[in-house]
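Asker: Below is the structure, and that's it, no one-letter string:
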């Protein structure tokens, strides 16, 4: 997750965006856990580790290990976690088995997204590793928000599917999140780009409790049918086998 959002005063434990965005991930992990084997979670670009820690919180002993992978961690942050169930590391584990690799808004930050996916593929051992990836959707939504977060690109389903396929990921399923919000976000960003072209500024702000509750409720309902949305949205998802 983007640590710049945390610096901007966003609390993922209550903010509607993070609380609704975690729901498809939890649903996907629940399906994998039904196999009976404890999962290893590898959260690449983990930042605060919000999404991986939510999985551990929900599923408990069904999660055998959590790797929070981020080059931004200091030695002081990593040292106390060595050997623990939740471990902060700089690099992808050399071997991933019975794993769920998650990359929540990571690929758009990388000059070479294919190289990262190939690194994950190279570490995958056996035939029981899965992935769940989110990226910002539609270049038409590009704005100062993307500049602020240092994005290289936004994706559509064909683009994300293609790079996953080139990395030899399998059984790929793609869909969009936040389709209901797409028209509003598009309009706001068009106005923003007209007034202040490419000015680096975050669109994500703390909200009053009522507005936050309404947006959380509406988007949580949408998440129940999001996997059927192949048309448009603010976020693009890829999931499947590595």
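Answerer: Alright, I've got the coordinates. Predicted model only: the values in this text are computed from it and were never measured.
Asker: make it CA atoms for all contacts and neighbour counts henceforth
Answerer: OK.
Asker: and stretch 105-124, how far from the chain's centre?
Answerer: Distance of stretch 105-124 from the chain centroid (Cα atoms, centre = their mean, to the nearest Å) equals 13 Å.
Asker: buried residues in stretch 80-97?
Answerer: Residues of stretch 80-97 classed as buried by neighbour count (16 or more other Cα atoms under 10 Å): 86-90, 92, 96-97.
Asker: And the helices in this structure, which stretches?
Answerer: 3-7, 16-33, 50-59, 75-78, 113-123, 144-148, 157-166, 182-195, 209-223 (DSSP state H).
Asker: Mean confidence (pLDDT) on the first one, please.
Answerer: It refers to helix 3-7. What helix 3-7 shows for mean pLDDT is 62.
Asker: Kindly report the same for the third one.
Answerer: Averaged across helix 50-59, pLDDT comes to 98.
Asker: do the same with the last one
Answerer: The pLDDT scores in helix 209-223 average 97.
Asker: For that helix, name the packing helices and strands.
Answerer: Other helices and strands packing on helix 209-223, by 3 or more Cα pairs under 8 Å, 6 or more residues apart in numbering; DSSP states H and E, are helix 16-33.
Asker: tilt between the helix it packs on and helix 209-223?
Answerer: Counting by axes from the mean of the first three to the mean of the last three Cα atoms, to 10 degrees, helix 16-33 lies at 30 degrees to helix 209-223.
Asker: List the contacts of helix 16-33.
Answerer: Outside helix 16-33, the residues that touch it by Cα atoms under 8 Å, 6 or more residues apart in numbering are 12-13, 39, 51, 54-55, 62, 100, 132, 212-213, 215-216, 219-220, 223-224.
Asker: OK, contacts around residue 137?
Answerer: Counting by Cα under 8 Å, 6+ apart, residue 137 touches 154-156, 176, 233-236.
Asker: From the residues you listed, which land in strands?
Answerer: Within these, residues falling in strands by DSSP state E are 176, 235-236.
Asker: Show me which of those is closest to residue 160.
Answerer: residue 236 (8.0 Å; Cα to Cα).
Asker: The closest one contacts residue 179, doesn't it?
Answerer: No. With contacts counted by Cα atoms under 8 Å, residue 236 stays clear of residue 179, the gap being 10.0 Å.
Asker: Compare the two and say which is more crowded by neighbours.
Answerer: residue 236 (25 against 21; other Cα atoms under 10 Å).
Asker: Report the central residue of this structure.
Answerer: residue 104 (1.5 Å; Cα atoms, centre = their mean).
Asker: Same list (the helices of the chain) but as CSV, adding mean neighbour count and distance to residue 172.
Answerer: Formatted as CSV, those follow (neighbours: other Cα atoms under 10 Å; distance: least, Cα to Cα, whole Å):
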stretch, mean neighbour count, distance to residue 172
helix 3-7, 14, 28
helix 16-33, 18, 13
helix 50-59, 18, 21
helix 75-78, 12, 33
helix 113-123, 17, 13
helix 144-148, 19, 26
helix 157-166, 16, 7
helix 182-195, 15, 24
helix 209-223, 15, 19
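Asker: Adding distance to residue 138, write the ones you listed out as a markdown table.
Answerer: Below are the helices of the chain laid out as a markdown table (distance: least, Cα to Cα, whole Å):
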| stretch | distance to residue 138 |
| --- | --- |
| helix 3-7 | 20 |
| helix 16-33 | 17 |
| helix 50-59 | 23 |
| helix 75-78 | 35 |
| helix 113-123 | 17 |
| helix 144-148 | 12 |
| helix 157-166 | 9 |
| helix 182-195 | 10 |
| helix 209-223 | 19 |
